[in-house]
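>>> Requesting a structural model of the entry that follows:
(one chain, ligands or ions: 1)
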Amino acid sequence: MELSEVPCSQPASLVVCGGQISESDKKRFWSKVSKSDGCWIWIAGKDVDGYGYFKLRGKMFRAHRVSYLIQNGNITKEKPVIRHLCNNPACVNPVHLMDGTGQDNMDDMVKSGRQASGERNGSRLYPERRPRGNNHYSRVSPHLVARGERSYSHKHPEIRQGERNGKAKLTAVEVGAIREAYSKTKTTQKLLAVQYGMSECAIQRITSGKRWKNL
Ligand SMILES: [Zn+2]
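Here you go, the predicted model:
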């Protein structure tokens, strides 16, 4: 089986200048794997990121890459990254592996939530690092903030608010009618919501003036 040379910046990844994976190396490889119906878990050494590693002809390789290679015979230069469809770094089940570009790998990260979000996001962990208040750039460099004639809404009057916005469901007349009905009749927000096919919340925002302020 031919091993192709694969450019990869990661240590312990597969950079092999041709050659064969011998039957005895394959046997040695699979002896370190616990197979199941789902993920096949690498039970030998793993790196800090949880990827298994396997020594082949004096070099360390990530086990899932070796598994992919045994199964497919090649890792191409166009798609040098071997990704886990199961998002389990210790898995070497060839069915769970797919080749891809570096960009694919980034997309996987975002999709699988390996990017820190919520409580793990930097803004939560290190709120002191975010410039706020007088440290915020709008205070430090107020001349850089587009205001007045340079502001976005001034430069782009075609971006419409209120009724002129194509997404608006109501006309000004209807907003007026809703407000009048609510203030002068015994109707409820619930009834108005049904009547206009809107959520009660939206009706509430209209009657309280939080939406359609310009009317
Ligand atoms: Zn898996």
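>>> Distance of the residue most central in space within the chain relative to Gln103?
The residue lying closest to the centre of the chain (CA atoms, centre = their mean) is Val110, at 2.6 Å. Using CB to CB, to the nearest Å, Val110 is found at 11 Å from Gln103. Yep, even glycine has a C-beta here, placed from its N, CA and C like the rest.
>>> now swap in Leu85 and tell me
Taking CB to CB, one finds Leu85 at 16 Å from Gln103.
>>> between those two, which one's more packed in?
Legend: neighbour count by other CB atoms under 10 Å for Leu85 and Gln103, higher for Leu85 (12 against 9).
>>> Neighbours of the residue lying closest to that one once chain neighbours are set aside, how many?
Of all residues not flanking Leu85 in the chain, His96 sits nearest, at 5.1 Å (CB to CB, 6 or more residues apart in numbering). Here the number of neighbours of His96 (other CB under 10 Å) works out to 19.
>>> quick one: contacts for His96?
Neighbouring residues of His96 by CB atoms under 8 Å, 6 or more residues apart in numbering: Cys39, Trp40, His84, Leu85, Cys86, Asn88.
>>> May I ask which two of those residues are separated the most?
Greatest spatial distance in the contacts of His96: Trp40 and Leu85, 12.9 Å, computed using CB to CB.
>>> Just name whatever secondary elements the helix ranked longest in the chain is in contact with.
The helix that spans the most residues within the chain, counting by DSSP state H, is helix 172-184. Under the contact criterion of 3 or more CB pairs under 8 Å, 6 or more residues apart in numbering; DSSP states H and E, helix 172-184 touches helix 189-196, helix 200-207.
>>> So which residues make contact with the last one?
What that stands for is helix 200-207. Residues outside helix 200-207 that contact it (CB under 8 Å, 6+ apart): 170, 175, 178-179, 182-183, 189-190, 192-193, 196, 211-212.
>>> Check whether stretch 74-83 comes into contact with the ion.
No. Using CB under 5 Å from the ion, we find that stretch 74-83 stays clear of the ion, coming within 11.0 Å at best.
>>> Distance from that stretch to the middle of the chain?
Here stretch 74-83 shows a centroid-to-chain-centroid distance of 22 Å under the convention CA atoms, centre = their mean, to the nearest Å.
>>> average pLDDT for stretch 41-61?
Mean pLDDT, computed over stretch 41-61, is 90.
>>> quick one: buried residues of it?
Ile41, Trp42, Lys46, Tyr51, Gly52, Tyr53, Phe54, Leu56, Phe61 (16 or more other CB atoms under 10 Å).
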